[in-house]
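S.K.: no sequence on this one, just coordinates:
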């Protein structure tokens, strides 16, 4: 479906085209850009509210700065849709987040205007500072460096580390604080309260008006940049004798807060700030979902709503004809409440993903026992470790890809001290349209290399509940449970929970000639494949190993004693993953067999649906079936395979 851009936008193919417009047209081009985002996302899906909230800021930035020579870095990248449309990707925008299409996030290899690849938050200031220092070293004095970071991303410790460093440099860098009180869920913590105080303080707002009036008047008379900077410096000093400012205390010149939806004023302010040397921060107030009433009202729901009717706001959902399996995250959210009602030591922790992990259910029912700690994965893990030292049983729910950010804390603060922390890693395996930055590819490999931790993955909802039940029982050491994004396989999933013997797999079915060993949800594909192959008298054995560490050695002895052809299947990286653990066992115990490992190869896999990516990597149902047939040197009549959803 072709989406028609507005009369101004259709002629904008790069920022140079934008600069040809008179300043009086910036409001209109902003309106057209916002409408184009609404039109496209309503039909094709994607992140929504974040990009609507920065339309005017995006237009002003590309109007004022000489991108791509001036370096513009968007933190996380949820808000970069307008940026992509204005930088030569308008005609391809319909392919956003689809297989082989545009990435949903800024990506260096996709465009020269994407100065830095982003998917995880709080990186923009560090990256911009590195670029600014390099430019200074190369004597590129006129080059500008702009980091756009949300107030939610500012809770990440890395952002503070970068600001602390920036304050002792003379680097030409502007930090734009996009303050909308939202990440995916509402922001939490003292920083949110501090920023609210700034935006509502009459003293701060009088100061803001004085500063911008001064800048506007001076710039009209052509006074040079040094004089402007001196005026600003004098005003800030006189003001800050009365009231302290976090950013000024880090030696960052603070300007604002200003209206992030007044594009004319934004452009004027940015022009003036170009002439003020050194590191500085501009505080911009925006509304997530701006211009689409429903998105403004329910910002979490409209962060990434899928496709919808842009007129009525009705989100398109398929009504199932019969009960469907739940999402794994929902099983976690309901099950932790069940467990917590029986075990008063259980607490829930998540870093800024309460709705994404379904911990919001526990936060609503047990607010004193469930915590959103903000975008702060390192803190989430060590906070959990602190709880564990006092006899609590923390369930720390972090997306697999984000747990990578807290790896040192897992090792140093949890496992070296042998503390009982339960890690629930959501979105393990392929994350789908979010792409390479969000795939949970590495957790089996990086977790199983650490002492004092159990590494497990359930094949279905019942197994997840049983693992959670087992993990909360008194024991030493950490317990990691990984599960994928999306639905399970059991419509009737609320089964009674029971303890699982740690390190014990289960034989799904016996078989002949070849054994398939799986871990996690991907084992359901083998069940499906086996049903088809059995019609051709091919009956592979299937073992659901459950645990990558400790691995079920008794079961592996049985497998290697009976089979000389073995396939391992995992939705994680092959390097150091579950299949590697099986090969290590074979080598350590003197067995010899032909083994084929299926999983995520040693390369970056881009975005697409989970099935598309699994097919690309050869471990969808068809890939598993073909591997079995190839190892057995057999052929069957080919027919379309009924894919699992």
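M.R.: Yes, it's here. Small disclaimer: the values here were computed from a predicted structure and weren't measured.

S.K.: I'd say residue 413 and residue 380 touch.
M.R.: No. Using C-beta atoms under 8 Å, residue 413 is not in contact with residue 380; the gap is 11.0 Å. Any C-beta I mention is one placed from the backbone N, CA and C, and that applies to glycine too.

S.K.: more crowded one of those two?
M.R.: residue 380 (28 against 21; other C-beta atoms under 10 Å).

S.K.: pLDDT weak spots in the protein?
M.R.: 1, 182-244, 639-645 (pLDDT under 70).

S.K.: For the nearest residue to residue 323 once chain neighbours are set aside, list the residues it contacts.
M.R.: With sequence-adjacent residues excluded and distances taken as C-beta to C-beta, 6 or more residues apart in numbering, residue 323 is closest to residue 491, at 4.0 Å. Neighbouring residues of residue 491 by C-beta atoms under 8 Å, 6 or more residues apart in numbering: 322, 323, 324, 325.

S.K.: from those, which would you call buried?
M.R.: Among the contacts of residue 491, those classed as buried by 16 or more other C-beta atoms under 10 Å are residue 325.

S.K.: I'd like the contacts of residue 491 laid out as CSV, including distance to residue 36 and secondary structure.
M.R.: Shown next, in CSV, are the contacts of residue 491 (distance: C-beta to C-beta, whole Å; DSSP: H, G, I helix; E, B strand; the rest coil):
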residue, distance to residue 36, secondary structure
322, 39, coil
323, 39, coil
324, 34, coil
325, 37, coil
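
S.K.: The stretch 151-300 of the chain: strands as residue ranges?
M.R.: 174-179, 253-259, 280-285 (DSSP state E, counting those that start in this stretch).

S.K.: quick one: the last one to strand 253-259, angle?
M.R.: Translated: strand 280-285. On the basis of axes from the mean of the first three to the mean of the last three C-alpha atoms, to 10 degrees, strand 280-285 is oriented at 20 degrees to strand 253-259.

S.K.: on contacts alone, who are the packing partners of strand 280-285?
M.R.: Counting contacts by 3 or more C-beta pairs under 8 Å, 6 or more residues apart in numbering; DSSP states H and E, strand 280-285 packs against strand 174-179, helix 190-200, strand 253-259, helix 263-274.

S.K.: And for the longest one?
M.R.: Under the contact criterion of 3+ C-beta pairs under 8 Å, 6+ apart, strand 253-259 touches helix 202-220, helix 225-240, helix 263-274, strand 280-285.

S.K.: in its sheet, what does the shortest one sit against?
M.R.: Spelled out, that is strand 280-285. Strand 280-285 has its sheet partners listed here by DSSP bridges as strand 174-179 (parallel), strand 253-259 (parallel).

S.K.: mind checking how far it is from the chain centre?
M.R.: 24 Å (C-alpha atoms, centre = their mean, to the nearest Å).

S.K.: And the third one, by the same measure?
M.R.: The gap between where helix 263-274 is centred and where its chain is centred comes out at 31 Å by C-alpha atoms, centre = their mean.

S.K.: Could you figure out how far that helix is turned away from strand 280-285?
M.R.: Between the axis of helix 263-274 and that of strand 280-285 there is an angle of 170 degrees, by the same axes, to 10 degrees.

S.K.: Now helix 263-274: buried residues?
M.R.: 263, 265, 266, 267, 268, 269, 270, 272, 273, 274.

S.K.: Name the residues that touch it?
M.R.: Residues contacting helix 263-274 (C-beta under 8 Å, 6+ apart): 23, 26-27, 30, 56-57, 59-61, 63-65, 144, 174, 212, 215-216, 219, 228, 255, 258-260, 280, 282, 284.

S.K.: now for the strands paired with strand 280-285, which one comes closest to residue 581?
M.R.: strand 174-179 (44.0 Å; C-beta to C-beta).

S.K.: Surely residue 488 and residue 327 touch.
M.R.: Yes. When contacts are counted by C-beta under 8 Å, residue 488 is listed as touching residue 327 (7.5 Å).
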